[in-house]
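Novice: Everything below, folded, please.
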Amino acid sequence: MSLDFLAWPGASELMVIAAMVIATYSTRVIGWLLLRDREVSPRLARVLDAAPACVMMAIVAPSFMTTDIRDLATLLLTVAVALKTKSMPITVIFAVVLNGLLHHFF
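Specialist: Model (predicted):
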């Protein structure tokens, strides 16, 4: 059995990860800099609270357009885990591990 899926990421993968880190944290820092001295209205607070879920859906939604049964199985089971646990970290870890295993073995 090959363990290629455990290999270290290459330069292109590391660049993508670094770009995502920069994009994620720059938006947080910019938001903090813009709003640190201001009173946030309840309406804006609700919008800001909903933003992470909107971003997650923007990332995940294109996966629903796939015909790959492995991805569809991952989506279905991940939704079930999310509804059962109501925990984002558990759901994300479950989805990543399940999708990796399904793509590696099937």
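
Novice: Off-centre distance for the helix or strand bottoming out on mean pLDDT in the chain?
Specialist: Least confident helix or strand of the chain, by mean pLDDT, DSSP states H and E, is helix 42-60 with a mean of 82. On the basis of CA atoms, centre = their mean, to the nearest Å, helix 42-60 is displaced by 13 Å from the centre of the chain it belongs to.

Novice: Please apply the same query to stretch 31-50.
Specialist: Averaged C-alpha coordinates place stretch 31-50 at 22 Å from its chain's average position (CA atoms, centre = their mean).

Novice: what does stretch 56-71 give?
Specialist: Per CA atoms, centre = their mean, the displacement of stretch 56-71 from the mean C-alpha position of its chain is 12 Å.

Novice: returning to that earlier point: what does the least confident helix or strand of the chain rub up against?
Specialist: With CB atoms under 8 Å, 6 or more residues apart in numbering as the test, helix 42-60 has contacts from 31, 40, 75. Glycine gets a C-beta too; all of them are placed from N, C-alpha and C.

Novice: try 10 Å
Specialist: Applying CB atoms under 10 Å, 6 or more residues apart in numbering, the contact partners of helix 42-60 are 24, 27, 31, 35, 38, 40-41, 75, 78-79, 88, 91-92, 95.

Novice: which two from those end up farthest apart in space?
Specialist: Farthest-apart pair in the contacts of helix 42-60 is 38 and 75; separation 38.8 Å (CB to CB).

Novice: any idea which helix is longest in this protein?
Specialist: Ranked by residue count and defined by DSSP state H, the top helix of the chain is helix 11-35.

Novice: For the contacts of helix 42-60, give me JSON lines that also has neighbour count and distance to residue 7.
Specialist: Converted to JSON lines, the contacts of helix 42-60 look like this (neighbours: other CB atoms under 10 Å; distance: CB to CB, whole Å):
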{"residue": "24", "neighbour count": "11", "distance to residue 7": "25"}
{"residue": "27", "neighbour count": "12", "distance to residue 7": "31"}
{"residue": "31", "neighbour count": "12", "distance to residue 7": "36"}
{"residue": "35", "neighbour count": "12", "distance to residue 7": "42"}
{"residue": "38", "neighbour count": "8", "distance to residue 7": "47"}
{"residue": "40", "neighbour count": "11", "distance to residue 7": "45"}
{"residue": "41", "neighbour count": "9", "distance to residue 7": "49"}
{"residue": "75", "neighbour count": "17", "distance to residue 7": "26"}
{"residue": "78", "neighbour count": "19", "distance to residue 7": "25"}
{"residue": "79", "neighbour count": "13", "distance to residue 7": "30"}
{"residue": "88", "neighbour count": "12", "distance to residue 7": "28"}
{"residue": "91", "neighbour count": "19", "distance to residue 7": "26"}
{"residue": "92", "neighbour count": "14", "distance to residue 7": "22"}
{"residue": "95", "neighbour count": "19", "distance to residue 7": "21"}
